[in-house]
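# sequence first, predicted coordinates after that:
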Amino acid sequence: MSQILQKVAPIGESRDKELLKSASSYVYENENGIDLLAHVFFPEGDVQPGRPAVIFFHGGFWDASMVTQFVPHCHHFASRGAVAVAFEYRISSKHQTGPVEALENAITALSWLQQNAEVLGIDPEKVAIGGAAGGAWLALVLGMWNKKNSPLPLTPHALILFSALVNTTPKGQLSARFPDNKIASKLSPSSLVRRKLPPMLLMHGKSDRVTPFEDVATFRRRMKWRGNRCKLLDFTKADHSFFNFNVSHRNFEMTINAADQFLVEQGLLAALPDE
């Protein structure tokens, strides 16, 4: 890919345009004539090499366009010195696609990030991936991928997961969205647990009826049993969307602060003075 990035103006409905007006938006992939964009939020000042990157894949279970979901998070982490990116990916309502196609786009997004690391001023070895629901599934598969068989462009340093979908087997959720049960099981994070995985922070509502808390608690136990660093923060009486800025400012602040501290612990962000 050329190191001259193709920059475009912020797009979307009026609300999305307003939320994305401070982003630098680039085409990271063109799929059958459809541009998929990376919305990049840079720290203030000149581009400095070697900065950490925090990237996000929105929720919506590969159906709805929710690219602005993590704009508040991007603003926060850009203010903390990281390059923050909200990636679009193909969705069924626009492209008649499913989770497998979304995963293909997510892999291309990592390639774009790796190939343009110098231009963006990031260190490819200091990348955290965040996501919600189906976007958290994307983050998990990218972080848990068996790289011996099929190496990815880069290895995420840490994962931040909101209301995560961790079980797509027929006994879990949304296996019907995959081409068949075999693929749904193969790409289920519950089937990808092994040793030496990236540190993970899961934040989940205990009243979540979409991605049940019990699945995430079981996933965390299996991760810990394998010797992985996996932290689960549960929120009593919180449902699937509890963490969103426009749903609960209190929960947003609690989760963004927890994510910030987690990345400090992983060495991706500098500690705040009062810490």
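That came through, no problem.

# where does the prediction get shaky in the stretch 151-275 of the chain?
Counting by pLDDT under 70, the low-confidence segments of the stretch 151-275 of the chain come to 275.

# and the closest residue to residue 56 other than its chain neighbours, what's its pLDDT?
In space, residue 56 comes closest to residue 70 once its chain neighbours are excluded; the distance is 3.8 Å by Cβ to Cβ, 6 or more residues apart in numbering. No exception for glycine: its C-beta is placed from N, CA and C like everyone else's. We have a pLDDT of 96 for residue 70.

# for the helix or strand containing residue 218, packing partners?
Residue 218 belongs to helix 213-225 when assigned by DSSP states H and E. Packed against helix 213-225 by the contact rule (3 or more Cβ pairs under 8 Å, 6 or more residues apart in numbering; DSSP states H and E) you find strand 200-205, strand 230-235.

# tell me which of the ones you listed lies nearest to residue 251.
strand 230-235 (6.5 Å; Cβ to Cβ).

# what's the distance between residue 53 and residue 124?
As judged by Cβ to Cβ, to the nearest Å, residue 53 and residue 124 stand 8 Å apart.

# neighbour count for the two, which is higher?
Between residue 53 and residue 124, counted using other Cβ atoms under 10 Å, residue 53 has the larger neighbour count: 25 against 18.

# return the residues in contact with the residue nearest to residue 56.
Applying Cβ atoms under 8 Å, 6 or more residues apart in numbering to residue 70 gives the contacts 56, 58, 86, 130, 132.

# strands paired with whichever strand or helix holds the first one, and their directions?
In this structure, residue 56 sits in strand 51-57 according to DSSP H and E. Based on DSSP bridges, the strands next to strand 51-57 in the sheet, each with its direction, are strand 83-87 (parallel), strand 122-132 (parallel).

# kindly export that strand (C-alpha atoms) in CSV.
These are the backbone C-alpha positions of strand 51-57, laid out as CSV (Å, rounded to 0.1, in the frame of the first residue of the first chain):
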residue,chain,number,x,y,z
ARG,A,51,3.2,6.4,19.8
PRO,A,52,0.8,3.7,21.0
ALA,A,53,-2.4,3.1,19.1
VAL,A,54,-5.8,2.2,20.4
ILE,A,55,-8.2,1.0,17.7
PHE,A,56,-11.9,0.2,18.0
PHE,A,57,-14.4,-2.0,16.2
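
# what's that strand in contact with?
For strand 51-57, with Cβ under 8 Å, 6+ apart as the criterion, the contacting residues are 43, 69-70, 73-74, 77, 81-87, 89, 106, 109, 113, 120-123, 126-132, 134-136, 138-139, 157, 160, 263, 268-269.

# beyond it, next helix or strand please.
Assigned by DSSP H and E, the successor of strand 51-57 is helix 71-79.

# give me the buried positions along that following helix.
In terms of neighbour count (16 or more other Cβ atoms under 10 Å), helix 71-79 has its buried residues at 71, 73, 74, 75, 76, 77, 78.
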